[in-house]
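>>> Show me the folded form of this:
(one chain, ligands or ions: 1)
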Amino acid sequence: PILDLSGQVAVVTGASSGIGQAVAIGLAEAGAKVVVNYRGEEEGAEATAEAVRRAGSEALILRADVSDEAEVEELFRRTRERFGTLHILVANAGLQRDAPSHEMSLDDWRKVIDVNLTGQFLCCRAAIREFLRRGPQPEISKATGKIVCMSSVHERIMWAGHVNYAASKGGVMLMMQSLAQEYAEKKIRINSIAPGAIRTPINRKAWETPEALADLLRLIPYGRIGEVEDIANAAVWLASDHSDYVTGASLFVDGGMALYPEFRGGG
Ligand code: NAD
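The predicted structure follows:
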C-alpha cells in the first residue's frame with residue numbers, strides 16, 4: 001500500500017464501535033498492529049480484533065476506562081509488554097450526555113469532560129512518554145511518534161444543549177495544538193480529526209428516520225452523511241509518513257458542515 005504502516009504499533013481507544021472500530025481496521029489494512037481498547041462493549045472489541053486479523057495483522061484487546069489514570073497506565077504498560085513499543089495513538093474514545101444547560105447536572109458535565117478531554121490527555125501523556133523513552137526509529141517512520149485526537153466540528157461550532165461536549169472538544173483543540181507545539185522538536189506529530197456527522201451509534205437519532213436524515217442533510221453541503229471509513233482514511237493518512245510535515249492541524253472531515261451552510265445561496 002502507498003500508506004504503509006507495517007512494523008508499527010497503534011493504540012486506538014474506544015475501538016469497540018463506530019469510528020474507533022473503523023480506524024482500527026484501517027490502520028491494520030495499512031499494516032499496523034493494533035491495540036483495541038474498549039470500556040464496556042466486549043463483543044464489539046472482539047469483532048474489531050477479528051477484522052484486524054482478517055486484514056492480516058495482529059490485535060490485542062485491552063479493557064480500560066480512559067478517564068481512569070491507573071487503567072490508562074496499565075493499558076500502555078501492557079501494550080509495551082506485548083508489542084515492545086508504540087508508534088501511533090488514536091485518542092478516539094468519547095461520549096455525549098446532552099441536556100439543556102440550565103438543567104445539566106454536574107455529573108453529566110464532569111463525565112463528558114473526564115472522558116473526552118481528560119481521557120485524551122491521559123492517553124497522550126502515556127504515548128508521549130513511550131515515544132520519548134524509545135527515541136527515533138527512522139527505518140520504521142520519519143516521526144518518532146504520531147497522535148491523532150478525535151475532536152469534532154464542535155471544536156469550532158458552538159452547540160446548544162451540548163455545552164459539556166462542545167467544551168470538551170474545544171479543550172481538545174488547544175490541548176492538541178499545545179502538545180504539538182511542545183513536542184515537535186522531538187519529532188512527535190500531533191493532529192486532530194474534526195468529524196462532521198458520521199453514521200454511528202452516538203448520533204443514531206440524527207439519521208435513523210428519513211425525516212431526521214433530511215434535516216441533517218440541510219447542514220451538509222456535500223449532500224451525504226459521513227461514513228466511518230471517511231474518518232478511518234483520514235486517520236491512516238495522519239498516522240503515515242505521507243503527512244510527515246503536518247502537526248498541530250485540525251483536519252475537518254465533514255462534507256462542508258463547518259462552512260456556514262446556511263450562507264450557501266449567497267444573497
Ligand atoms: P460510538 O459511541 O460508536 O463510539 C464511542 C467509543 O468510545 C465506544 O467504543 C465506547 O465504548 C468508547 N468509550 C466511551 N467511553 C469510554 C471510556 N471511558 N473509556 C474507553 N472507551 C470509552 O461513537 P463514535 O461516533 O464512533 O465516536 C467516536 C469519537 O468520534 C468520539 O470522540 C466522538 O466525540 C467523535 N465524533 C463523532 C462524530 C459522529 O458524528 N459520529 C462526530 C464528531 C466527533
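>>> any chance you could map the strands in the stretch 151-267 of the chain?
Shown for the stretch 151-267 of the chain, the strands assigned by DSSP state E, counting those that start in this stretch span residues 188-195, 250-253.
>>> want to throw these into a markdown table with distance to the ligand and mean neighbour count?
Glycine gets a C-beta too; all of them are placed from N, C-alpha and C. Converted to a markdown table, those look like this (distance: least, C-beta to the nearest ligand atom, whole Å; neighbours: other C-beta atoms under 10 Å):
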| stretch | distance to the ligand | mean neighbour count |
| --- | --- | --- |
| strand 188-195 | 4 | 25 |
| strand 250-253 | 9 | 20 |
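>>> Tell me the residues of the stretch 1-150 of the chain that contact the ligand?
By C-beta under 6 Å from any ligand atom, the residues of the stretch 1-150 of the chain that approach the ligand are 13-14, 16-20, 38-41, 65-67, 92-95, 115, 119, 150.
>>> Just the buried residues out of those, in PyMOL syntax.
A single PyMOL command selects the buried members of those (16 or more other C-beta atoms under 10 Å):
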select buried, resi 13+14+16+17+18+19+20+38+39+41+65+66+67+92+93+94+95+115+119+150
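>>> In strands only, show me the residues of the stretch 1-150 of the chain next to the ligand.
Using DSSP state E, 38, 150 are the members of those that sit in strands.
>>> circling back: which among the strands of the stretch 151-267 of the chain is found nearest to residue 179?
strand 188-195 (4.8 Å; C-beta to C-beta).
>>> Figure out how far the closest one is from the centre of its chain.
On the basis of C-alpha atoms, centre = their mean, to the nearest Å, strand 188-195 sits 8 Å off its chain's mean C-alpha point.
>>> tell me what it is packed against?
helix 119-134, strand 145-150, helix 163-183, helix 228-239, strand 250-253 (3 or more C-beta pairs under 8 Å, 6 or more residues apart in numbering; DSSP states H and E).
>>> returning to that earlier point: okay, the strands of the stretch 151-267 of the chain in JSON lines with distance to residue 225 and mean pLDDT next?
Converted to JSON lines, the strands of the stretch 151-267 of the chain look like this (distance: least, C-beta to C-beta, whole Å; pLDDT from 0 to 100):
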{"stretch": "strand 188-195", "distance to residue 225": "11", "mean pLDDT": "98"}
{"stretch": "strand 250-253", "distance to residue 225": "12", "mean pLDDT": "98"}
